[in-house]
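Asker: next input, structure requested:
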Amino acid sequence: MHHPEPPNPKLWNTVLSGVIVTCASFLLGAHVVHWNIDYGLIWTQQVINQAIRNSLVYYSEIFYNAPSWYLSTLAGLCGLAILATVVKLVITGTSGLLFDGATLMLLSSAIAVYSTNVLAALPYLPLHAPKTATLDPTVTEALRSIAASHMIIAVSLTGVLSLQAAQSYSERKPAYDPVRGPAGNPASSVSVSATPVDVPSTPVFVQADGRERKPSATGSVTSTASSGVRKR
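Answerer: Here you go, the predicted model:
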């Protein structure tokens, strides 16, 4: 009976990392474009009425009058990124807990910020008539909350991309392997010729006065004159 081969964890790890990076990059781009409007709300000392009016018109097109496929695409990419991260955690186990676990936490925090801040602030905005709406402090605070949330989400998605890049860098093959040689090729064998050492078969003992003592065949030690050089 033919049994199917088990999936290659390294190949699946690479594919899932590509899915996470693609989804996070698209979501990051979708939130970075809000910078042109959010700048006048959170990065200026005094928010002017024109900036508030421009934000209302912009978010009316993004949230209120946007086609259904736009928000569905963003939600689908977010769900796909989380699913790929969970599957990657199951495949890699403890080896990927540092990078993939942190990736999952950042994605979850981005979803939490979007749900609790952005979606919660939309009912306070007169998106049905942005050009003629009354600008009160409630509208201003809701717009500033949305702008700050977009910045937090963008930072979280940037962290996801950084974590995946760091994981790929840590799992790369070294340029030189001391065992296999450069680029993983078998290293050429290096022949080391050992120089034979002439060890005297008969031990020689040197006295303090320069005389050498050699044991005789009967076991006694005889002394001979030496010129300072040990005989072999």
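Asker: what helices and strands are in contact with the lengthiest helix in the chain?
Answerer: Longest helix in the chain by number of residues (criterion: DSSP state H): helix 137-170. Secondary-structure packing of helix 137-170 (3 or more CB pairs under 8 Å, 6 or more residues apart in numbering; DSSP states H and E): helix 9-32, helix 35-42, helix 49-59, helix 97-113, helix 119-121. Every C-beta, even on glycine, is put in place using the N, C-alpha and C of the backbone.
Asker: swap in 10 Å and give it another go.
Answerer: Helix 137-170 is packed against helix 9-32, helix 35-42, helix 49-59, helix 68-92, helix 97-113, helix 119-121, with contacts defined by 3 or more CB pairs under 10 Å, 6 or more residues apart in numbering; DSSP states H and E.
Asker: what angle separates it from helix 49-59?
Answerer: 60 degrees (axes from the mean of the first three to the mean of the last three CA atoms, to 10 degrees).
Asker: next, the buried residues of helix 137-170.
Answerer: Using 16 or more other CB atoms under 10 Å as the test for burial, helix 137-170 gives 139-140, 142-154, 156-157, 159-161, 163-164, 167.
Asker: check stretch 76-88 too.
Answerer: Residues 77, 78, 81, 82, 84, 85, 87, 88 are the ones in stretch 76-88 that count as buried (16+ other CB under 10 Å).
Asker: just give me the closest of those residues to residue 120.
Answerer: For the buried residues of stretch 76-88, the minimum distance to residue 120 (CB to CB) is 17.4 Å, reached by residue 78.
Asker: go ahead and confirm the closest one touches residue 112.
Answerer: No. Counting by CB atoms under 10 Å, residue 78 stays clear of residue 112, with 11.7 Å between them.
Asker: who's in contact with the closest residue to residue 128 other than its chain neighbours?
Answerer: Among residues not flanking residue 128 along the chain, residue 64 sits closest, at 6.5 Å (CB to CB, 6 or more residues apart in numbering). Counting by CB atoms under 10 Å, 6 or more residues apart in numbering, residue 64 touches 56, 122, 125, 126, 127, 128, 129, 130.
Asker: give the contact list for the nearest residue to the second one once chain neighbours are set aside.
Answerer: Computed as CB to CB, 6+ apart, the closest residue to residue 122 that is not its neighbour in sequence is residue 63, at 6.0 Å. Contacts of residue 63 were listed using CB under 10 Å, 6+ apart, and they are 70, 71, 118, 119, 122, 125, 127, 146.
Asker: out of these, which one has the weakest pLDDT?
Answerer: Lowest pLDDT among these: residue 127, with 84.
Asker: so where's the protein uncertain?
Answerer: Scanning the chain with the threshold set as pLDDT under 70 gives 1-7, 173-232.
Asker: rewinding a little: determine which two of the contacts of residue 63 are furthest apart.
Answerer: The distance between the two most remote of those (CB to CB) is 17.8 Å, for 70 and 125.
Asker: more neighbours: which of those two?
Answerer: Neighbours were counted for residue 70 and for residue 125 using other CB atoms under 10 Å; residue 125 has more, 20 against 12.
Asker: phi and psi next, for the more buried one.
Answerer: Main-chain torsions, residue 125, degrees, to the nearest 10: phi -100, psi 130.
Asker: list the contacts for it?
Answerer: 55, 56, 59, 60, 63, 64, 133, 138, 139, 142, 143, 146.
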